[in-house]
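Student: Structure, please.
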Amino acid sequence: MSHNLCALPKEQQERVEVEKAAAYAVWKERNGHLASAESEASQHKGELSSYFLEQVSRYKRG
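Tutor: Sure thing, here's the model as predicted:
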């Protein structure tokens, strides 16, 4: 199954990118490449920063 992410509204595209960044940050933390996944939250602005932290928490649990 494939999805065309370009068809999504800009806001949803940004949220998908933040989710990917959160998953990657957790991976880097687990593999010793990053001290804390939360430290990368500052790379995201406004509401996306808090969304990033929510996603980091989600990926750490999962």
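
Student: Touching, residue 35 and residue 29? I think so.
Tutor: Yes: counting by Cβ atoms under 8 Å, residue 35 touches residue 29, with 7.4 Å between them. Any C-beta I mention is one placed from the backbone N, CA and C, and that applies to glycine too.

Student: Those two: which has the busier surroundings?
Tutor: residue 29 (19 against 9; other Cβ atoms under 10 Å).

Student: pLDDT score for that one?
Tutor: With respect to pLDDT, residue 29 scores 96.

Student: Following element in sequence after whichever strand or helix holds it, please.
Tutor: Using DSSP states H and E, residue 29 sits in helix 10-30. Per DSSP H and E, the first helix or strand lying C-terminal to helix 10-30 is helix 47-61.

Student: Excluding chain neighbours, what is closest to residue 44?
Tutor: residue 52 (4.8 Å; Cβ to Cβ, 6 or more residues apart in numbering).

Student: Give me the residue at the spatial middle of this structure.
Tutor: Nearest residue to the geometric centre of the chain (Cα atoms, centre = their mean): residue 22, 2.6 Å.
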